[in-house]
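**Student:** need a structure here:
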Amino acid sequence: MNTSLPPLGWLGIVRLGLVQTALGAVVVLTTAALNRVMVVEHALPATLPGVLVALHYAVQMLRPRLGHGSDQGGRRTPWIIGGMAVLGLGGVLAAVATAWMASSLAAGIALAVVAFLLVGIGVGAAGTSLLVLLAARVAPARRPAAASLVWIMMIAGFVLTTAISGRLLDPYSGPRLVAVSAGVSVLAFLLALVAVVGIEGAPQRAAPAERTPFLPALREVWAEPVARHFTIFVFVSMLAYSAQDLILEPFAGTVFGMTLGETTRLSSVQHGGVLAGMILIAIVGTLTGGRVAVLRGWIIGGCLSAAALLAALAGASIAGTGFPLAESFFVLGLANGAFAAAAIASMMQLVSQGREGRQGVRMGMFGAAQAIAFGAGGLAGTVVLDLGRLLSGSAQGGYVTVFLADAGLFLAAAVLALRIGRAPADERRGTGNVRLLMGRQEA
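**Tutor:** Just a heads-up that it's a prediction; the model follows:
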């Protein structure tokens, strides 16, 4: 990467955000619309799309390897473009596979497995290199705002794609599904291509002597206390974050007797809170210069607030209809948005802490932890809910169990967040002793 280029302005940040919009457009069509077609139109078990989506998360364990490839090549844009191409191909094949299931179930499922693996690889390659490029080209003070903006633009990709494709897919037919998916994939690839052209500058390839095989590079990065600790924090916090996804709406319907329309509006209130939390971090992070210490405080505050709200929801059924459910959902979303945006901004600040030339591996470790946690979180939430129901003998007891368990995860994440960006005390003392010794030698 050409380090002589000036930091990106807001227009450049928006350009890179468009890549995330394009990425989100393909992913949401693959993981949401095709899920519905399999379950509703084809009357297949919900486990099938669940396993396929889990596959797309599981294969993102390759993110460190993909990031290492961009480290060794010295450029990120080929990996972004290549990843978007693989993602688009996977999206089209997933639509073909879903349509094929109507006439040949076994063949359709086999093709769907390949397609969802390609989707996961494409997301890993493009997403990892995009965040490394963003961290390298954005000034530290602007990184919190850039992190929030890129995340918001990904959500915009979800919203636009579902709104437009939802109209184009009616009435449903297999060929129509494939045509819409192909159109989304092609447009997403072209948008990403235009967005990254020329933004990285001339290549600066690593010298042959600097090239390192992947496994030694991964071991080297894992040995870095700051990177290893942050990876563990990302996994625990995102496990807590994603465990709520499949729980909150059913909770409002089961315990409070809300209709489908009412719970959908309640979910919208929560997502509005998430958006407000991200905007808050963008403003605060920019005003404070993007310092890790400030971001760490917001992460801890967000995790503790989420834990408190989940504990309150555990006791909500006792209060009955007088409980401020909508307000609680909004504040929970606010806490989630604030901690998630601050964590992503911290990720961008910490990716360069350590040996130079390992940014891709480092970001890949962070991204792999996030993907695995997202894949496991939804399943873990539903499993704990069912266990709670079984042990307590009531749906209410199940929700109390899962909310308290999730609150515990957020508390654990808050404890882990206390050390974000901080090397262990013995390492700091060792560094200080080395500096003192060097000073004496120079004297």
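**Student:** C-alpha from now on. contacts and neighbour counts both.
**Tutor:** Will do.
**Student:** Run through the residues that contact Ala335.
**Tutor:** Residues in contact with Ala335 (CA atoms under 8 Å, 6 or more residues apart in numbering) are 273-274, 277, 301-303, 305-306.
**Student:** An error on my part: the question was meant for Ala407.
**Tutor:** So Ala407 contacts 240, 306-308, 310-311 (CA under 8 Å, 6+ apart).
**Student:** now, which of the contacts of Ala335 sits nearest Gly108?
**Tutor:** Closest approach to Gly108 among these (CA to CA): Val274, at 36.7 Å.
**Student:** list the contacts for that closest one?
**Tutor:** 330, 333-338.
**Student:** Look at it and report its pLDDT.
**Tutor:** pLDDT recorded at Val274 is 88.
**Student:** So which of the contacts of Ala407 sit within helices?
**Tutor:** Judged by DSSP state H, the contacts of Ala407 include 240, 306-308, 310-311 as members of helices.
**Student:** Pipe those residues into a markdown table and attach neighbour count and distance to Gly421 per row.
**Tutor:** Below are the ones in helices among the contacts of Ala407 laid out as a markdown table (neighbours: other CA atoms under 10 Å; distance: CA to CA, whole Å):
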| residue | neighbour count | distance to Gly421 |
| --- | --- | --- |
| Ala240 | 30 | 21 |
| Ala306 | 26 | 22 |
| Ala307 | 27 | 23 |
| Ala308 | 18 | 25 |
| Leu310 | 25 | 27 |
| Ala311 | 20 | 29 |
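**Student:** CSV for these, including pLDDT?
**Tutor:** Converted to CSV, the ones in helices among the contacts of Ala407 look like this (pLDDT from 0 to 100):
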residue, pLDDT
Ala240, 94
Ala306, 96
Ala307, 96
Ala308, 96
Leu310, 95
Ala311, 94
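**Student:** Among those, which one sits closest to Gly74?
**Tutor:** Gly74 has its nearest neighbour among the ones in helices among the contacts of Ala407 in Ala240, at 35.2 Å by CA to CA.
**Student:** Quick check: which element contains the spatially most central residue of the chain?
**Tutor:** Central residue of the chain (CA atoms, centre = their mean): Gln370, 5.9 Å from the mean position. According to DSSP states H and E, Gln370 maps onto helix 359-392.
**Student:** Give the next helix or strand downstream of that helix.
**Tutor:** Following helix 359-392 in sequence, per DSSP H and E, is helix 395-417.
**Student:** Figure out how far that following helix is from the centre of its chain.
**Tutor:** 20 Å (CA atoms, centre = their mean, to the nearest Å).
**Student:** What residues sit buried inside that helix?
**Tutor:** When burial is assessed from 16 or more other CA atoms under 10 Å, helix 395-417 yields the following buried residues: 395-414, 416-417.
**Student:** now the angle from that helix to helix 359-392?
**Tutor:** 150 degrees (axes from the mean of the first three to the mean of the last three CA atoms, to 10 degrees).
**Student:** residue contacts, Ala307?
**Tutor:** With CA under 8 Å, 6+ apart, Ala307 has these contacts: 406-408, 410-411.
**Student:** Pro7 and Arg137 touch, don't they?
**Tutor:** Yes: taking contacts as CA atoms under 8 Å, Pro7 lies within contact range of Arg137: 5.1 Å.
**Student:** Looking at those two, which one has more neighbours?
**Tutor:** Neighbours were counted for Pro7 and for Arg137 using other CA atoms under 10 Å; Arg137 has more, 22 against 17.
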